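J.: Next one to model:
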Amino acid sequence: MARSNEILDDKWTGVNSTKIAAYEYPLQFEFKIGTLSNDFIAKDVNGKTLVYVRSKLFKLKEDIQVFATEKKEEVLFTIKADRIIDFNACYAFANDDGEFIGQVGRKGAKSLLKAHYEIYDNEKTPEFLIKEENPWAKFWDAMLGEVPILSMFTGYMFNPRYAIKRIGSEEIIMRLSKEKSFFGRRFKLEKLGELEEGEDERLILGLMMMSLLERRRG
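T.: Have a look, this model is predicted:
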């Protein structure tokens, strides 16, 4: 079991941040059921809440708020799209002072059949690549999801996985997996390789945004 031994570091400042406390992998993103908004809670392996993620309703451009707790009293980060709904949109991460700390972008043509995203640092240099490992799982999930009765069980049968690699490397350093459930509401994030100081923050924010987008697709 991998462990983050220190508080996440804001790489752009070189100063330690206390926005997300120390945690242990694997992390879990658990979507709330029965609400209009596409909200979820991020927890560590011990069940400790790291952040509460909320997607604002009725926005032409994606506008995500990352809170410290479900009480939604303290905004830690925001994630905003650079354009109105578009398959090639980029989603910028900012801290509570509004300072840019990185972004994630979906590669439109490459994502038609297999999800393909890239995460960039605060200088907009590509850092990480996210690729779907088993795209047929999403295809059959969408197809059988239209069939009465069978649609109730697709969350147990077809669950996509996403491999995260450093740009230019074939080593998988993280894997995000949709877990088995009736409503497809849980994602598990495993750490498989080493990260440099300050990289966790952008990776986690990027994967949170990707989870929101991919869950809508099926």
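
J.: residue boundaries of the helices in this protein?
T.: For the chain, applying DSSP state H gives helices covering 135-144, 154-157, 199-217.

J.: Give me the below-cutoff pLDDT ranges for this structure.
T.: Applying pLDDT under 70 to the chain flags the ranges 1-22, 34-37, 85-86, 108-113, 135-158, 181-184, 216-218.

J.: Which residue ranges of it form strands?
T.: 9-10, 15-16, 27-31, 40-43, 49-55, 63-67, 75-81, 90-95, 100-106, 116-120, 126-132, 161-166, 172-178, 186-191 (DSSP state E).

J.: ok and the fifth one relative to helix 199-217, angle-wise?
T.: Using axes from the mean of the first three to the mean of the last three CA atoms, to 10 degrees, one finds that strand 49-55 and helix 199-217 are set 40 degrees apart in direction.

J.: Now do strand 49-55: which elements does it pack against?
T.: Other elements packing on strand 49-55 under the criterion 3 or more CB pairs under 8 Å, 6 or more residues apart in numbering; DSSP states H and E are strand 40-43, strand 63-67, helix 199-217. (C-beta placed from N, C-alpha, C; glycine too.)

J.: closest to Arg106 out of the ones you listed?
T.: Relative to Arg106, the nearest member of those by CB to CB is helix 199-217, separated by 6.8 Å.

J.: list the buried ones in the closest one?
T.: Under the neighbour-count criterion of 16 or more other CB atoms under 10 Å, helix 199-217 has 199-215 buried.

J.: likewise stretch 76-88?
T.: Leu76, Phe77, Thr78, Ile79, Lys80, Ala81.

J.: That stretch spans what distance, first to last residue?
T.: 26 Å (CA to CA, to the nearest Å).

J.: contact partners of that stretch?
T.: 19-20, 51, 60-68, 89-96, 98, 101, 105-108, 111, 205, 208-209 (CB atoms under 8 Å, 6 or more residues apart in numbering).

J.: wouldn't Cys90 be in contact with Lys107 here?
T.: No - contact status for Cys90 versus Lys107: not in contact, 10.4 Å apart, counting by CB atoms under 8 Å.

J.: coming back round to it: among the buried residues of stretch 76-88, which one sits closest to Gly168?
T.: Ile79 (25.5 Å).

J.: ok, back up a step: pull out the buried members of the contacts of stretch 76-88.
T.: Among those, the ones that count as buried by 16+ other CB under 10 Å are 19-20, 51, 62-68, 89-95, 101, 105-107, 111, 205, 208-209.
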